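J.: no sequence on this one, just coordinates:
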Ligand SMILES: Nc1ncnc2c1ncn2[C@@H]1O[C@H](COP(=O)(O)OP(=O)(O)OP(=O)(O)O)[C@@H](O)[C@H]1O
Ligand SMILES: [Mg+2]
């Protein structure tokens, strides 16, 4: 306990600092970290489904576009993508491409999620037994009907665990948005440290909050998986 | 009811069906037998257009498809609904209940109102002896029950012919009877059926015609008595002897 206290420096005034910083940090979580994560995940998922369908369409132009997109995003660091969208495009002098920090982060994170999740979704669509497509065709269903009614519901079940992991990863990666001045939780933490000079304390507090969010998310993930696994 | 003329199908270099001629009259049951790899499944899948032959033409219920021409997707779908396919491995939709499996064709494809489709699905399920399994998911059903749902699902689209690809060969022996009974009942109602099976007793009892296939050819055809008791071709005799062992 003594060791623990001396490492974190948990003197009465430090405990005071922890308490005082908790609300600002949580404001960062609620106003930016969570909205940014949720929005970019959902936009990313839509992109991912479209990209995955392009990939498996068998139409070479479409699958080509999808391939290039996935390759570019996977082959470059997220931080670099973020800087290109925010600083790079913002510097072109085109009004339309000058984004607010939040919008810039949203675009970069959505594009990034879209590429990675498309691989997950593609794999899960391909994992559905070929007999399911055939059964759907044999009762007269079209490609889109088969996909919507038969294939995607089954692919969803397969893709929930890896997609949940992507989402948990995304929540943590939103801390990168601090570099383009989005006032999410980590940016808040840096601002607090600049006045209190207690980096270990505050960054540990931020870490604890990230951990708590991810812990809750993994519980939700378990619940969804249970529900979807009922009929297998 | 079905007339298939000069059907040829190849997979790469492998010629799986070689100029097959084939016809089934309304209300008749044709059983196809033959060794593994002889092309029985492929022929059935061609009738349902799950495979497209390179050659030949196919008529079901006065609608004709010529495989030399490019066939629009929409007419393929329309044509498919003329036949109801029952798969060896059932291929039920696992996320749907028995009734939902049966309703899916009518509701999604034929746009029948849900309540009406459910009523009809319940009726068909009762007919195949699954009255009390209407709201059960496939994973809670035995293999025999699953296959009967498969039959019900195929019947629900009101096909002109029913196609069965070894419907009992994935089943434990004690469950085969219940499926064959349902099929026999359908035959007695006068449905047109094409059945690939190794159940020779079923063929003897129910078939109007037996077709023996080997290496992509129709080697011999005739009444069950002709083919089973008095086969003309050497290859048929050899196959039937193998079955007896
Ligand atoms: N999609 C495919 N691609 C390549 N070859 C195939 C394909 N489907 C079937 N074949 C080949 O075509 C031949 C005929 O197969 P088919 O499944 O029609 O035989 P079958 O008479 O139904 O045999 P079984 O009694 O084992 O079911 C086999 O040699 C098989 O390997
Ligand atoms: Mg077969």
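T.: Great, that's in hand. All values derive from a computational prediction rather than experimental measurement. Ligands and ions are numbered 1, 2, ... in the order given.
J.: okay, CA-based contacts and neighbour counts for the rest of this
T.: Will do.
J.: What's the biggest helix in chain B, counting residues?
T.: Longest helix in chain B by number of residues (criterion: DSSP state H): helix B:173-188.
J.: contacting residues around that one?
T.: Contacting residues not belonging to helix B:173-188 are listed as B:27-29, B:128, B:143-144, B:147-148, B:167-168, B:193, B:202, B:206 [Cα atoms under 8 Å, 6 or more residues apart in numbering or on different chains].
J.: right, and the helix or strand after that helix?
T.: Using DSSP states H and E, the helix or strand that follows helix B:173-188 in sequence is strand B:192-196.
J.: How about the residues of chain B by chain A?
T.: Selection of chain B residues close to chain A by Cα under 8 Å from any Cα of the partner chain yields B:48, B:50, B:77-78, B:80-81, B:83-85, B:91-95, B:105, B:108-109, B:137, B:139, B:154, B:157.
J.: At the geometric centre of the chain, which residue sits there?
T.: Using chain A here. Nearest residue to the geometric centre of chain A (Cα atoms, centre = their mean): residue A:170, 2.9 Å.
J.: Chain B, not that one
T.: For chain B, the residue nearest the mean C-alpha position is residue B:163 (1.7 Å; Cα atoms, centre = their mean).
J.: Give me the next element, helix or strand, following the helix or strand of chain A at the bottom of the mean pLDDT ranking.
T.: In chain A, no helix or strand scores lower on mean pLDDT, DSSP states H and E than helix A:2-8, which sits at a mean of 60. Heading C-terminal from helix A:2-8, the first helix or strand you meet, by DSSP H and E, is helix A:12-28.
J.: How far away from the center of its chain is the next helix or strand after that next one?
T.: Next along the chain after helix A:12-28, taking DSSP H and E as the criterion, comes helix A:34-56. How far helix A:34-56 lies from its chain's middle: 9 Å, per Cα atoms, centre = their mean, to the nearest Å.
J.: coming back round to it: which of the residues of chain B next to chain A fall within helices?
T.: B:77, B:78, B:80, B:154.
J.: Against ligand 1, how distant is the second one?
T.: If you measure residue B:78 against ligand 1 using Cα to the nearest ligand atom, to the nearest Å, the figure is 23 Å.
J.: ditto for the third one
T.: The spacing between residue B:80 and ligand 1, counted by Cα to the nearest ligand atom, is 19 Å.
J.: which residues touch that residue?
T.: Residues counted as contacts of residue B:80 (Cα under 8 Å, 6+ apart) are A:137, A:138, A:139, A:140, B:48, B:49.
J.: picking that back up, just confirm the residue nearest to the centre of chain B is within a strand.
T.: Yes. Residue B:163: assigned to a strand according to DSSP: H, G, I helix; E, B strand; the rest coil.
J.: I'd say it and residue B:84 touch.
T.: Yes. In this structure, residue B:163 is within contact of residue B:84 by Cα atoms under 8 Å, at 5.9 Å.
J.: Residues of chain B that sit close to ligand 1?
T.: For chain B, the residues in contact with ligand 1 (Cα under 6 Å from any ligand atom) are B:11, B:16, B:35, B:36, B:37, B:38, B:39, B:40, B:41, B:42.
J.: Next up, the contacts around the last one.
T.: Neighbour list for residue B:42: B:16, B:17, B:51 [criterion: Cα under 8 Å, 6+ apart].
J.: Could you export the contacts of residue B:80 as CSV, including pLDDT?
T.: Formatted as CSV, the contacts of residue B:80 follow (pLDDT from 0 to 100):
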residue, pLDDT
A:137, 94
A:138, 94
A:139, 94
A:140, 92
B:48, 93
B:49, 93
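J.: that's a strand at residue B:89, yeah?
T.: No. Counting by three-state DSSP, residue B:89 falls outside a strand, being coil.
J.: I'd guessed it sits against residue B:170; true?
T.: Yes. The pair residue B:89 / residue B:170 is scored as a contact, 6.5 Å apart, by Cα under 8 Å.
J.: Just the buried residues of the residues of chain B next to chain A.
T.: B:48, B:50, B:77, B:80-81, B:83-85, B:91-95, B:105, B:108-109, B:137, B:154, B:157 (16 or more other Cα atoms under 10 Å in any protein chain shown).
J.: what about chain A, any weak spots by pLDDT?
T.: A:1-9, A:230-232 (pLDDT under 70).
J.: if I look at the closest residue to ligand 1 within it, how far off is residue A:136?
T.: At 11.1 Å from ligand 1, residue A:130 is the closest residue in chain A, using Cα to the nearest ligand atom. Here residue A:130 is placed at a distance of 10 Å from residue A:136 (Cα to Cα, to the nearest Å).
J.: count of neighbours near residue A:31?
T.: When counting by other Cα atoms under 10 Å in any protein chain shown, one arrives at 14 neighbours for residue A:31.
J.: Between its first and last residues, how far does stretch A:125-142 reach?
T.: 16 Å.
J.: Nice, that's everything, thank you.
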